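J.: Return atomic coordinates for the entry below.
(one chain, ligands or ions: 2)
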Amino acid sequence: MTQQTTGEPAAILRIAIQKSGRLYEDSIRLLRECGIELNNGNKQLKTTSDNFPVEVYFLRDDDIPQYVFDRVADIGIVGENVLLEKNKEIDLVYRLGFGRCRLSLAVPKAMPYSGLSDLAGLKIATTYTHLLQQYLDKNSIVAEIHEISGSVEIAPGIGLADAICDLVSSGSTLFTNGLREVEVVLPSEAVLAAAQNLAAPKQAILDKLLLRINAVHRAKRVKYILLNAPNDQLENIAGILPGAKSPTIVPLAEPGWSSVQSVVNENDFWEVIEKLKAFKAEGILVVPIEKMID
Ligand code: ATP
Ligand code: ZN
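T.: Ligands and ions are numbered 1, 2, ... in the order given. Okay, the predicted model is just below:
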C-alpha cells in the first residue's frame, strides 16, 4: 500500500455495495465508468483498487446503512427505500439513477378500492414497517402492520394479510399474485449515502468520486452531433444547437457548406433532428459521449 511521507497510511475511502442482487451489476458498472479498476472483485468480502484510493465492501443491502452509520464503511450504494427504512443518521449525497422502483400498497384484485380510507382496519404485510407506518400516520389511517421478511406478495393469497406494501417495478409480480397496485408510498432509486462529517482526506476522495459520477451522468444525458449544412442556414442551425458553449463550425472543402459539431440533450433529441432536417442539414451523425466535464 502507498505510504505518505509522514509514515501515516494514505487515506482510503471505504465503499459498501450490495454483494449480489439487483444493485450489484450497476454499482460495479458505475465504479468502472468512473475509471476505478477493482482487483479480483469476484464475490469476496472486500476488494481494493490500484488506480483509485478505495476499498469496496460487499454486503447485504439491508446492512449498508448501519455499516455506514457505524463508520465501518465511509459511503454506501443502496436503494433510497432501504436508506429511509433504516432511518440512520447518514447523508444522501447523490441519486444514481439506477435501481428504480417504488414502494407501493397493493390489494387483491377483487377487493373494491376507492381510496386510502379503504385501508383502515386492514392487516397489511410488509418488510418496510417504518416507511409504511410513517405513510399511514401522515394520512391518518389506522391499520395493522404485519412484518414479514420475504415473499410479501403471497401474504394475501395465503390469508396472512388483507393487503401488502412492497417494492414494485413492472408490476408483473403483483399481477401474477392477483394483486393490484393502489398507492405509491415512495418512489425509489439507488443512492450514494455517506457518513456524516467525513475526515478531510476522505471527503476529498469522495469529492473526486462525485466529480467523476457527475461526468458519467452528464455524458449519458447528451449526445455528440455532427452534420453538414449549407452556409446560409448556419445561423438557424446554431440557434437550435447551443452546444456546451456554442457549436463548432468548420468550412467543408465543398464551397458554400460547413461541418457543424455540437452536443444535444437526449430529451429534445428528436425535436432537434427534425428542425435540423428542415434547415437542410445533411449527413447527420450522432455519437455517444463517454464523459463530460466542465
Ligand atoms: P440482499 O441479499 O442484499 O438483502 P435483497 O433481496 O434485499 O438483497 P434485491 O431484490 O436485490 O434485494 O433489491 C435491492 C434493491 O433493488 C431494492 O432495495 C430496491 O432499491 C431495488 N429494486 C429495483 N427494482 C426492484 C424490484 N422490482 N423489486 C425489488 N427491489 C427493486
Ligand atoms: Zn435486502
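
J.: all helices of the stretch 1-150 of the chain, in order?
T.: Applying DSSP state H, counting those that start in this stretch to the stretch 1-150 of the chain gives helices spanning 24-33, 64-69, 80-86, 129-138.

J.: Now tell me what touches the first one from outside.
T.: I take that to be helix 24-33. Here helix 24-33 makes contact (CB atoms under 8 Å, 6 or more residues apart in numbering) with 15, 17-18, 38, 41, 54, 56, 77, 96, 98-99, 190, 213, 216. All C-beta atoms are positioned from the backbone trio N, CA, C, and that covers glycine.

J.: So for that helix, what gets flagged as buried?
T.: Neighbour counts over helix 24-33 (16 or more other CB atoms under 10 Å) mark 24, 26-28, 30-31, 33 as buried.

J.: Can you name the next helix or strand after the longest helix along the chain?
T.: If each helix of the chain is counted by residues according to DSSP state H, the longest one is helix 200-221. Counting by DSSP states H and E, the next helix or strand C-terminal to helix 200-221 is strand 222-230.

J.: State the paired neighbours of that following strand in the sheet, together with their directions.
T.: According to DSSP bridges, strand 222-230 forms sheet pairs with strand 257-265 (antiparallel), strand 282-288 (antiparallel).

J.: Could I get the buried residue list for it?
T.: 222-225, 227-229.

J.: Just the residues contacting that strand, thanks.
T.: 237, 241, 252, 256-266, 269, 272, 276, 279-289, 292.

J.: go on, stretch 132-150?
T.: 116-117, 119-127, 129, 155, 160-161, 165, 185-186.

J.: mind redoing it with 7 Å?
T.: Stretch 132-150 has contacts (CB atoms under 7 Å, 6 or more residues apart in numbering) with 116-117, 119-127, 129, 155, 160-161, 165, 185.

J.: That stretch: which residues count as buried?
T.: By neighbour count with 16+ other CB under 10 Å, stretch 132-150 contains the buried residues 132, 134-136, 141, 143, 145-146, 148.

J.: Using CSV, please lay out these together with distance to ligand 2 and pLDDT.
T.: What follows is these, written out as CSV (distance: CB to the ion, whole Å; pLDDT from 0 to 100):
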residue, distance to ligand 2, pLDDT
Leu132, 16, 98
Gln134, 19, 98
Tyr135, 20, 98
Leu136, 23, 98
Ile141, 26, 98
Ala143, 24, 98
Ile145, 19, 98
His146, 19, 98
Ile148, 13, 96
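
J.: out of the residues you listed, who's nearest Gln203?
T.: Gln134 (30.7 Å; CB to CB).

J.: Quick check: of the contacts of helix 24-33, which has the highest neighbour count?
T.: Highest neighbour count within the contacts of helix 24-33: Ala190, with 28 neighbours (other CB atoms under 10 Å).

J.: Dig out what that one forms beta bridges with.
T.: Taking DSSP bridges as the rule, Ala190 bridges to Gly79.

J.: Leu23 is in contact with that one, correct?
T.: Yes - here Ala190 reaches Leu23: they are 5.4 Å apart, a contact under CB atoms under 7 Å.

J.: Next, show the common contact partners of the two.
T.: Counting by CB under 7 Å, 6+ apart, the residues touching both Ala190 and Leu23 are 77, 79, 99.

J.: could you pick out which of the residues you listed are near ligand 1?
T.: Checking these against ligand 1 by CB under 6 Å from any ligand atom, the ones in range are 79, 99.

J.: Reformat the shared contacts of Ala190 and Leu23 as a markdown table; add pLDDT.
T.: Shown next, in a markdown table, are those (pLDDT from 0 to 100):
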| residue | pLDDT |
| --- | --- |
| Ile77 | 98 |
| Gly79 | 98 |
| Gly99 | 98 |
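
J.: nearest to Lys86, of the shared contacts of Ala190 and Leu23?
T.: Once CB to CB is applied, the member of the shared contacts of Ala190 and Leu23 that ends up nearest Lys86 is Gly79, at 10.5 Å.
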